[in-house]
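Novice: mind looking at a prediction? Sequence and model below.
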Amino acid sequence: MKKSEISDPFEKARLEKGFGEMDDQNDPVVMALRHKDVRRCAHNWKTFQSGAEPGRIVIPSEVNIRDIRQIPFELDPPMHGDYRAVVEKWFKRPLEANYEAGLKCIIDGVVDEALAKSSVEAIEEFSLVLQSRALTLLFNVPFEESETWISWGTHVFRSKDSALDADKANILYDYIDNKIAESEKNPGQDFYSVLLASDVNGKKLTKEEIKGVLMLTFAGGRDTVINAVTNSIAYFAEHPKSLERLKNEPELINFAIEELIRYFSPLTQMGRVATEDTQVCEHAIKADSRISLNWASANRDATVFENPNEVVLDRKMNPHVAFGFGTHNCLGATHARQILKVLINTLIEKVKSIEIIDAKENIETLGEFKRKVGFDSINVKFN
Amino acid sequence: MAKITFITRDNESITVEGNSGNVMELAVQNKIKGIDGNCGGVCSCATCHVHVEPSDWAKTGAPNAMESDMLEFDEKVSDHSRLSCQMKVTEDLDGVVLKVAN
Ligand code: HEM
Ligand code: FES
C-alpha cells in the first residue's frame, strides 16, 4: 500500500445499513454515511441543529473545555445568516490579486527552505509553517505573527495524549484577548479591528461574539489545511506523473484541487443535535441526541463517484462535500483552495521530485471505525 | 458567438458574449454579481445557480442528474433552475436570459 493512500473504513457500514455509531464521552453519535443522507441532514437545520450547547456538535465534544459559542458555526438560521454576512466578504479576499501574490511569496519561501535542507518533517517544518504564514494574510496582520502561531506547535487545540486539552486552549484564549485589546486601542485594517467595527442588525458584536469568530477561524483552518497540504505532498511524492500532467495541462489544476480535497476529506465529520425524534437512514434518532454528517464517507459513495477510492485527477463531475454542504459550507474554502493552487504551481515550477523517507500515520478512532486523516509525522526530501 | 443576458438580484441587466467554456466561467470573467463559481465548475458548490427565463428553457434544456440532486437542496430552487457551470456556451444559447439566484 502506498503511503499517500487513504482508505475508506466506512464502506461496509455505508452499504449495509447507511449509518455508523460511536461513543464520545457518553454522548453517542449516529453517523450519516451516505452522500444523499449527509446532504439531506445538512440541509435540514431545523431537525439537525448547530446551535446546541457550545462545543457539542464538535466530535470529540468540546462542551467540557469551552463555553464560548463559535460564530457563525454554532448558530442556526436566520441568526446564522446575519452573522455570516458580517464576515463573508472578508473571507473572499483570497481572490484578490495581491492576496494571491502574497501567498505565492509565502509558498515560494517554504518550498525554497525545504529544497535547501537534506530532509524536512513535513508536518512541523513545512505544512504548519505554510499554514501559519498564509493565515497572516487572512487576518491581515504582520507576517511576524506567524512565528507565535508556529511556536504553539500542531497541538494547541488538541494535545497528543488527551484529545482535548483545556490548558492548551487557554493559550489561544489569552492570545485572542490580548489582540482584541490591542486593536481596540489602535484600530487598523486587521481582522480584529474589522470585527470590532462590525454590527449585526444595528448592534455591535459583543467581545464574546468576536472571540467566538476568532476561535473558529484559528481552529477551523489549522488541522484541515495542515492535513490537506501534507497529504498533497505525500500524493505528489508517490505520483510524479500526476505533477507532470498538471504541468502539461494546467487547465486541469482546478479539477485536481477539488479531487484531492474530496479524496483527503481533511475534516472527517461534523455533528448536529436532533431537535425532535427523527431518523437517519431509517435508524431512530432521539430528540437531543447527536448525529454526524460524515463528509469523508459521503465522498467515497460509489453511487455518486465512479472509482471513489482513486484519485482521478481530471474528475469533471465532483459533487463532493469535503467543505460541507448548504448553510454552513466552509467559509475558509476560498483561502484553502488558493493555498492548494499556489502550492501545486510552485511544486511544478521548482520541484523535480519528492521522496518519502518515513512516515507515521495519524489515525482517528471513531467507535468501530479507524480512519487515516493524514500523518503524525512524515519525513520527506525535496529535490 | 452566443449573447447571454444575466439579470442580477438588484435587477441589473448585463449582456455578454462568449463562444467557449461554460456559462459560469463566462459570468465570472464578466464579474456578474452573485455568480461566484467557488468549486470551479465541478458541481459541488451551487454558487453558480441561475433561473432560466421559462421561454428559454427549450434552449438550455433541463439539468443533468447530479445537477438536479444538488439543486434539490437549494433554498432558491425553481422549476427553471440550472447550475450555470453545467451549461456549455454554444450558439444554441444565443439570446437566453438568466436570472442570478443569489
Ligand atoms: C482544506 C481545508 C478545509 C476543510 C476541508 C474544511 C472543512 C469544513 C467543513 C466540512 C465545514 C462545514 C461544517 C459544518 O457543516 O458544520 C467547514 C465550515 C467552516 N470552515 Fe472550514 N475547512 C477548511 C479550511 C478552513 C479554513 C482555512 C478556515 C478559516 C481560516 C475555515 C473556516 C470555516 C468556518 C468559519 C466554517 C463555518 C461556516 C459556517 O458555519 O457558516 N475552514 N469547514
Ligand atoms: S461552480 Fe460550483 S456548482 Fe457550479
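Specialist: Cool, the structure landed. Numbering: from 1, shown residues only, chains lettered A, B, ... in the order given. Ligands and ions are numbered 1, 2, ... in the order given.
Novice: from A:Lys316, how far off is the residue nearest to the spatial centre of chain B?
Specialist: Taking Cα atoms, centre = their mean, the centroid of chain B lies closest to B:Ser84, which sits 3.0 Å from it. Computed as Cβ to Cβ, to the nearest Å, the B:Ser84 to A:Lys316 distance reads 15 Å. All C-beta spots, glycine's among them, are computed from the backbone N, C-alpha and C.
Novice: what about the strands in the chain?
Specialist: You didn't say which chain, so I picked chain A. Counting by DSSP state E, chain A has these strands, from start to end: A:19-22, A:29-32, A:48-49, A:120-121, A:199-200, A:203-204, A:269-274, A:278-280, A:283-285, A:290-294, A:354-366, A:369-382.
Novice: my bad, the chain I had in mind was chain B
Specialist: For chain B, applying DSSP E gives strands covering B:2-7, B:13-18, B:49-52, B:81-83, B:97-100.
Novice: and the pLDDT for the residue nearest to the centre of chain B?
Specialist: pLDDT, B:Ser84: 98.
Novice: setting aside sequence neighbours, what's the nearest residue to A:Asp108?
Specialist: Nearest in space to A:Asp108, with sequence neighbours left out and distances taken as Cβ to Cβ, 6 or more residues apart in numbering or on different chains, is A:Thr346 at 6.0 Å.
Novice: report pLDDT for the residue lying closest to A:Trp149 once chain neighbours are set aside.
Specialist: Nearest residue to A:Trp149 in three dimensions, chain neighbours excluded: A:Ser132, at 4.1 Å (Cβ to Cβ, 6+ apart). With respect to pLDDT, A:Ser132 scores 98.
Novice: if I look at the residue in the stretch 251-383 of chain A positioned nearest to ligand 2, how far off is A:Val380?
Specialist: Using Cβ to the nearest ligand atom, A:Pro319 is the residue of the stretch 251-383 of chain A that sits closest to ligand 2, at 7.8 Å. Noted for A:Pro319: a distance of 32 Å to A:Val380, by Cβ to Cβ.
Novice: need the contact list for residue 57.
Specialist: Using chain A. Applying Cβ atoms under 8 Å, 6 or more residues apart in numbering or on different chains, we find A:Ile57 in contact with A:Ser50, A:Glu74, A:Met270, A:Gly271, A:Arg272, A:Val273, A:Arg290.
Novice: not quite, I wanted chain B
Specialist: B:His80 are the contacts of B:Trp57 under Cβ under 8 Å, 6+ apart.
Novice: same thing with A:Ser353?
Specialist: Listed by Cβ under 8 Å, 6+ apart, the contact set of A:Ser353 reads A:Ala237, A:Pro240, A:Asn383.
Novice: only the buried subset of those residues, as a PyMOL command please.
Specialist: To isolate the buried ones among the contacts of A:Ser353 in PyMOL, judged by 16 or more other Cβ atoms under 10 Å in any protein chain shown, type:
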select buried, chain A and resi 237
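Novice: among the contacts of A:Ser353, which are located in helices?
Specialist: In this view, the contacts of A:Ser353 that belong to helices under DSSP state H are A:Ala237, A:Pro240.
Novice: skipping its backbone neighbours, what lies nearest A:Val225 in space?
Specialist: Of all residues not flanking A:Val225 in the chain, A:Gln131 sits nearest, at 4.5 Å (Cβ to Cβ, 6+ apart).
Novice: roughly how far apart are the residue most central in space within chain A and A:Gly324?
Specialist: Note on chain A: the residue nearest the mean C-alpha position is A:Thr224, at 3.0 Å, using Cα atoms, centre = their mean. Separation of A:Thr224 from A:Gly324 (Cβ to Cβ) stands at 11 Å.
Novice: overlap in contacts of these two?
Specialist: A:Leu267.
Novice: so where's the chain shaky on pLDDT?
Specialist: Using chain A. Scanning chain A for pLDDT under 70 picks out A:156-166.
Novice: chain B, not that one
Specialist: Checking chain B against pLDDT under 70 turns up nothing.
Novice: which residues touch A:Leu58?
Specialist: Not Leu; residue A:58 is Val. Neighbours of A:Val58 in contact, by Cβ under 8 Å, 6+ apart: A:Met270, A:Gly271.
Novice: 7 Å - rerun?
Specialist: A:Gly271 (Cβ atoms under 7 Å, 6 or more residues apart in numbering or on different chains).
Novice: now do A:Thr217
Specialist: A:Thr217 sits next to no residue when contact means Cβ under 7 Å, 6+ apart.
Novice: ok so, going back, a markdown table for the strands of chain A, including distance to chain B?
Specialist: Output for the strands of chain A, formatted as a markdown table (distance: least, Cβ to the nearest Cβ, whole Å):
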| stretch | distance to chain B |
| --- | --- |
| strand A:19-22 | 19 |
| strand A:29-32 | 14 |
| strand A:48-49 | 13 |
| strand A:120-121 | 30 |
| strand A:199-200 | 20 |
| strand A:203-204 | 25 |
| strand A:269-274 | 15 |
| strand A:278-280 | 16 |
| strand A:283-285 | 19 |
| strand A:290-294 | 13 |
| strand A:354-366 | 24 |
| strand A:369-382 | 20 |
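Novice: mean neighbour count and distance to A:Leu214 for those strands - can I get that in JSON lines?
Specialist: As requested, the strands of chain A are exported to JSON lines (neighbours: other Cβ atoms under 10 Å in any protein chain shown; distance: least, Cβ to Cβ, whole Å):
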{"stretch": "strand A:19-22", "mean neighbour count": "20", "distance to A:Leu214": "30"}
{"stretch": "strand A:29-32", "mean neighbour count": "26", "distance to A:Leu214": "27"}
{"stretch": "strand A:48-49", "mean neighbour count": "22", "distance to A:Leu214": "23"}
{"stretch": "strand A:120-121", "mean neighbour count": "21", "distance to A:Leu214": "29"}
{"stretch": "strand A:199-200", "mean neighbour count": "12", "distance to A:Leu214": "16"}
{"stretch": "strand A:203-204", "mean neighbour count": "10", "distance to A:Leu214": "16"}
{"stretch": "strand A:269-274", "mean neighbour count": "22", "distance to A:Leu214": "19"}
{"stretch": "strand A:278-280", "mean neighbour count": "19", "distance to A:Leu214": "33"}
{"stretch": "strand A:283-285", "mean neighbour count": "16", "distance to A:Leu214": "33"}
{"stretch": "strand A:290-294", "mean neighbour count": "27", "distance to A:Leu214": "24"}
{"stretch": "strand A:354-366", "mean neighbour count": "16", "distance to A:Leu214": "26"}
{"stretch": "strand A:369-382", "mean neighbour count": "20", "distance to A:Leu214": "24"}
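Novice: would you list those in a markdown table and tack on distance to A:Ile210?
Specialist: Listed next are these as a markdown table, based on distance: least, Cβ to Cβ, whole Å:
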| stretch | distance to A:Ile210 |
| --- | --- |
| strand A:19-22 | 33 |
| strand A:29-32 | 30 |
| strand A:48-49 | 23 |
| strand A:120-121 | 35 |
| strand A:199-200 | 11 |
| strand A:203-204 | 9 |
| strand A:269-274 | 23 |
| strand A:278-280 | 34 |
| strand A:283-285 | 34 |
| strand A:290-294 | 27 |
| strand A:354-366 | 31 |
| strand A:369-382 | 30 |
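Novice: quick one: the helices in chain B?
Specialist: Using DSSP H, helices in chain B cover B:23-29, B:57-60, B:65-72.
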